[in-house]
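Novice: Sequence plus predicted model, see below.
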Amino acid sequence: MDYDIVIIGAGHNGLITAAYLAQAGYRVAVFERREIVGGAVSTQERVPGYQIDLGGSAHILIRQTPIVEELELDAFGLRYIDLDPMFIAPFPDGQTLYIYRDLQKTIDHLEAQIPGAGKNYHNFVSDWQGFARTMRNLFLSSPSPWQIGKQFIVGETSPLPWHEELRHILRPYEQVLQSYFDAPKVQTLIAWMAAQSGPPPTEPLTGPFALWHPLYHDGGVARPEGGSGMLTQALRAHIEAHGGTVETDAAVDEILVEQGSASGVRVHDQIYTSRAVCSATHARETFDKLLPEQYRPDQADGLRIGNGFGAMLRLALDAPVEYTHAEDGEEARTGLQLLCRDLSQLRQAYGEYLGNEPSKDPPLVAMTFSAADDTLAPSGSEVLWLWGQYYPYELADNQSWNKIADDVADRMIDQFETYAPGIRDHIVGQLFQHPAWLEDRLGLFRGNVMHLEMSIDQMFAGRPTLGLASYRGPVDGLYLTGASTHPGGGIMGAAGRNAARTILSDLS
Ligand SMILES: Cc1cc2nc3c(=O)[nH]c(=O)nc-3n(C[C@H](O)[C@H](O)[C@H](O)COP(=O)(O)OP(=O)(O)OC[C@H]3O[C@@H](n4cnc5c(N)ncnc54)[C@H](O)[C@@H]3O)c2cc1C
């Protein structure tokens with residue numbers, strides 16, 4: 001055997017699986033199709049002097065896991081910068097709401113801004129903190145019915161009676177928020193963050209996307225100094241320091257199967273043999289392109305990838321953003337800037353998306369991380385990233401993204417200028433990552449940054465499909481990880497860690 005285990009794809013989840021296995025003493029090789037590691041957690045100098053993230057930027061979920069400590073990633077160059085305030089929500093009437101890492105500071109601030117809102121926030125967090133922590137523990141384990149049952153029996157649950165708790169869990173998250181908060185601004189702020197996973201605020205059974213909000217106060221919002229990709233650079237350094245191999249520009253063309261067991265991979269014309277193979281790519285890539293056809297599971301036909309949902313405009317600016325609402329410029333630019341007026345703006349954007357139209361009035365998340373990290377742009381300059389929703393991959397009237405991309409990006413800038421006028425004059429470089437771009441360049445089919453839709457039928461034991469949710473693939477010796485597996489997309493690494501634990505248990 002050339003290796004004990006071959007990992008296909010160097011996204012952060014694949015690298016995390018590889019790092020745990022290398023740390024345990026196994027001979028590991030990672031093969032990555034692109035020229036850099038990291039997949040949707042990578043950073044490149046796309047404009048001279050500006051470090052541009054190509055995928056996820058806000059490190060929130062990984063802060064809920066022990067991964068950084070267990071792999072001692074600080075010894076491999078990873079340094080996290082905490083962003084506090086975590087969220088800043090300016091509204092058209094000039095009022096701005098802040099969510100700080102410190103719960104009491106947030107409660108006091110909200111109460112001072114909107115009488116009653118602080119008290120409601122306190123009730124919301126205390127009712128759901130236990131449930132949210134139980135969800136987090138579920139994310140850190142293989143999603144068997146036994147684990148789910150065990151976590152809810154021994155884990156912290158909500159102090160609400162079970163029928164009240166269930167009622168909220170089954171509801172669309174906008175209804176959960178409307179029942180907790182009188183203030184539409186607080187409803188909007190939390191709903192817009194909940195919408196980042198994809199499902200709209202009106203979808204039943206999405207209550208948990210808002211109900212895990214208390215976890216932000218546990219783990220915070222952070223950024224690796226130097227760019228999001230510093231996480232995956234540190235993982236690569238860790239793997240190599242433990243004797244592993246990481247190869248880029250090395251697309252796997254086929255998973256080799258001998259006598260019903262995965263036995264290695266083919267990269268171009270080269271065969272690499274191994275005791276086990278772990279595919280960390282999109283599930284569609286694994287099932288439809290890499291596995292020999294006779295082993296393709298029937299369930300692969302049912303994968304729901306959806307129709308994209310967001311787009312990112314990366315702007316290199318020669319001056320910092322100046323918000324009209326900001327009394328304190330630094331504080332207003334530190335965390336995620338949630339630019340959504342109200343729930344109807346969110347619903348309206350989703351309505352257009354259902355008609356395969358890009359939003360004309362998109363809610364935005366603006367990110368200006370130079371405020372916290374001066375290594376990202378030349379002194380006195382700024383990186384500004386605008387994430388907008390909703391943007392469908394397939395467009396009405398046979399339109400193509402190549403034709404409409406410039407207009408849609410312009411519309412996002414217009415929208416941002418309602419909060420920070422004059423920004424257009426400071427743009428020195430830009431990259432627009434629309435759904436077709438995300439598929440073409442990052443392999444995110446149909447532009448879904450979460451790989452598969454994050455709705456209840458494709459979560460927990462349903463991800464990627466029922467029967468294949470234990471990180472074990474359709475043939476012996478083949479393992480699955482990545483955003484296509486439990487607990488799904490986002491920069492978390494739990495899928496990578498869970499898969500590593502399964503593989504370690506099987507190999508030993
Ligand atoms: C624009 C954007 C913004 C986002 N913002 C955030 C955010 O702020 N916070 C957050 O938590 N999440 C965010 N996300 C989501 C998050 O980044 C992703 O869900 C997550 O990084 C997916 O990681 P992964 O390792 O599971 O998969 P991927 O990153 O998709 O990795 C899969 C890897 O496999 C490789 N590969 C595929 N096929 C092959 C092959 N045949 N051979 C070899 N290699 C192959 C790919 O090149 C890729 O490197 C964002 C994503 C995008 C794109």
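Specialist: Perfect, thanks for sending it.
Novice: What parts of this protein come near the ligand?
Specialist: Within reach of the ligand by Cβ under 6 Å from any ligand atom, the chain has these residues: 8-14, 31-34, 39-41, 55-58, 60-61, 251-252, 280-281, 285, 290, 312, 433, 438, 442-444, 449-450, 482-483, 489-491. Where you see a C-beta, it was placed from the backbone N, CA and C, and this is true even at glycine.
Novice: Go again with 5 Å.
Specialist: Counting by Cβ under 5 Å from any ligand atom, the residues of the chain close to the ligand are 9, 11-13, 32-34, 39-41, 55-58, 251-252, 281, 285, 312, 443, 449, 482-483, 489-491.
Novice: Got a quick ChimeraX command for the buried subset of those?
Specialist: The ChimeraX selection below is limited to those of the residues of the chain next to the ligand classed as buried (16 or more other Cβ atoms under 10 Å):
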select :9,11,12,13,32,33,34,39,40,41,55,56,57,58,251,252,281,285,312,443,449,482,483,489,490,491
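Novice: pLDDT weak spots in the stretch 351-500 of the chain?
Specialist: Within the stretch 351-500 of the chain, the set of residues satisfying pLDDT under 70 is empty.
Novice: any idea where the helices of it begin and end?
Specialist: Ranges of helices within the stretch 351-500 of the chain are 401-417, 435-442, 494-507, based on DSSP state H, counting those that start in this stretch.
Novice: would a markdown table of those helices with mean neighbour count be doable?
Specialist: As requested, these are arranged in a markdown table below (neighbours: other Cβ atoms under 10 Å):
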| stretch | mean neighbour count |
| --- | --- |
| helix 401-417 | 16 |
| helix 435-442 | 19 |
| helix 494-507 | 22 |
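Novice: Mind putting the ones you listed into CSV with distance to Pro145?
Specialist: Below are those laid out as CSV (distance: least, Cβ to Cβ, whole Å):
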stretch, distance to Pro145
helix 401-417, 41
helix 435-442, 34
helix 494-507, 16
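Novice: and Ala234, how far is that from the ligand?
Specialist: Going from Ala234 to the ligand by Cβ to the nearest ligand atom, to the nearest Å gives 15 Å.
Novice: Give the burial count for that residue, as a bare number.
Specialist: Residues near Ala234, counting by other Cβ atoms under 10 Å, number 23.
Novice: Shouldn't it be within a helix?
Specialist: Yes. Assessed with DSSP: H, G, I helix; E, B strand; the rest coil, Ala234 lies in a helix.
Novice: Was I right to think it contacts Arg79?
Specialist: No. Using Cβ atoms under 8 Å as the test, Ala234 is too far from Arg79 to be in contact (9.2 Å).
Novice: Name the residues contacting each of the two.
Specialist: Residues touching both Ala234 and Arg79 by Cβ atoms under 8 Å, 6 or more residues apart in numbering: Pro224.
Novice: May I ask which helix or strand of the chain has the lowest mean pLDDT?
Specialist: Taking mean pLDDT, DSSP states H and E as the measure, the helix or strand of the chain with the lowest value is helix 145-154, at a mean of 80.
Novice: ok, now which ones touch the residue in the stretch 301-450 of the chain that the ligand sits nearest to?
Specialist: As assessed by Cβ to the nearest ligand atom, the ligand sits closest to Val449 within the stretch 301-450 of the chain, at 3.6 Å. With contact taken as Cβ under 8 Å, 6+ apart, Val449 is in contact with 40, 55-56, 309-310, 438, 489.
Novice: how does it look with 10 Å?
Specialist: Shown in contact with Val449 (Cβ atoms under 10 Å, 6 or more residues apart in numbering): 40, 55-56, 196-198, 308-312, 387, 433, 435, 438, 442, 483, 489-490.
Novice: ditto for Tyr121
Specialist: Shown in contact with Tyr121 (Cβ under 10 Å, 6+ apart): 99, 103, 106-107, 109-111, 114, 180-181, 183, 186, 190, 213-214.
Novice: farthest-separated two in the residues you listed?
Specialist: The largest separation in these, counting by Cβ to Cβ, is between Ile114 and Pro214 at 19.5 Å.
Novice: for Ile255, helix, strand, or coil?
Specialist: strand.
Novice: That one - how many residues pack around it?
Specialist: Neighbour tally, Ile255, other Cβ under 10 Å: 24.
Novice: That one contacts Arg266, correct?
Specialist: Yes. Using Cβ atoms under 10 Å, Ile255 is in contact with Arg266, at 8.2 Å.
Novice: Could you tell me which residues touch both of these two?
Specialist: In contact with both Ile255 and Arg266: Leu290, using Cβ under 10 Å, 6+ apart.
Novice: ok, now which ones touch the spatially closest residue to Gly49 that is not a sequence neighbour?
Specialist: Distances taken as Cβ to Cβ, 6 or more residues apart in numbering put Pro378 closest to Gly49, at 4.6 Å, once the chain neighbours are dropped. Listed by Cβ under 10 Å, 6+ apart, the contact partners of Pro378 are 48-50, 316, 318, 370, 428.
Novice: The closest residue to the ligand within the stretch 51-200 of the chain is in what secondary structure piece?
Specialist: Using Cβ to the nearest ligand atom, Gly56 is the residue of the stretch 51-200 of the chain that sits closest to the ligand, at 2.8 Å. Of the helices and strands defined by DSSP states H and E, none includes Gly56.
Novice: pLDDT at it, what is it?
Specialist: On pLDDT, Gly56 comes in at 98.
Novice: wait, what's in contact with the closest residue to it other than its chain neighbours?
Specialist: Ranked by Cβ to Cβ, 6+ apart and with sequence neighbours excluded, the top spatial neighbour of Gly56 is Ile491, at 4.5 Å. Neighbouring residues of Ile491 by Cβ under 10 Å, 6+ apart: 11-13, 40-41, 55-63, 224, 228, 231-232, 483.
Novice: And Asp440, by the same measure?
Specialist: Residues in contact with Asp440 (Cβ under 10 Å, 6+ apart) are 401, 434, 447.
Novice: quick one: which of these is nearest Ala241?
Specialist: Closest to Ala241 out of the contacts of Asp440 is Gly447 (35.4 Å), distances taken as Cβ to Cβ.
Novice: Skip the chain neighbours and tell me the closest residue to that closest one.
Specialist: Nearest non-adjacent residue to Gly447, counting by Cβ to Cβ, 6+ apart: Pro435, 2.5 Å away.
Novice: any idea how far the one you found lies from Gly302?
Specialist: Pro435 is 21 Å from Gly302, where distance means Cβ to Cβ, to the nearest Å.
Novice: just the helices in the stretch 1-150 of the chain please.
Specialist: With DSSP H, counting those that start in this stretch as the criterion, the stretch 1-150 of the chain has helices at 12-23, 67-70, 103-113, 117-139, 145-154.
Novice: Looking at those helices, spot the one closest to Tyr471.
Specialist: helix 12-23 (9.1 Å).
Novice: Give me the buried positions along that closest one.
Specialist: For helix 12-23, by 16+ other Cβ under 10 Å, it's 12-23.
Novice: Put together TSV for these, with pLDDT and distance to Arg133 on each row.
Specialist: Conversion of the buried residues of helix 12-23 to TSV gives the following (pLDDT from 0 to 100; distance: Cβ to Cβ, whole Å):
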residue	pLDDT	distance to Arg133
His12	98	23
Asn13	98	22
Gly14	98	27
Leu15	99	27
Ile16	99	22
Thr17	98	25
Ala18	99	29
Ala19	99	25
Tyr20	98	23
Leu21	98	28
Ala22	98	30
Gln23	98	27
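Novice: Gly243: which of these is nearest?
Specialist: For these, the residue nearest Gly243 by Cβ to Cβ is Ala22; the value is 6.4 Å.
Novice: Tell me who's in contact with the closest one.
Specialist: Applying Cβ under 10 Å, 6+ apart, we find Ala22 in contact with 4-5, 7, 15, 28-30, 71, 235, 238-246, 500.
Novice: Now, of the residues you listed, which are buried?
Specialist: 4-5, 7, 15, 28-30, 71, 235, 238-239, 242, 244-246, 500.
Novice: for Ser261, what are its contacts?
Specialist: Neighbouring residues of Ser261 by Cβ under 10 Å, 6+ apart: 275-277, 475-478.
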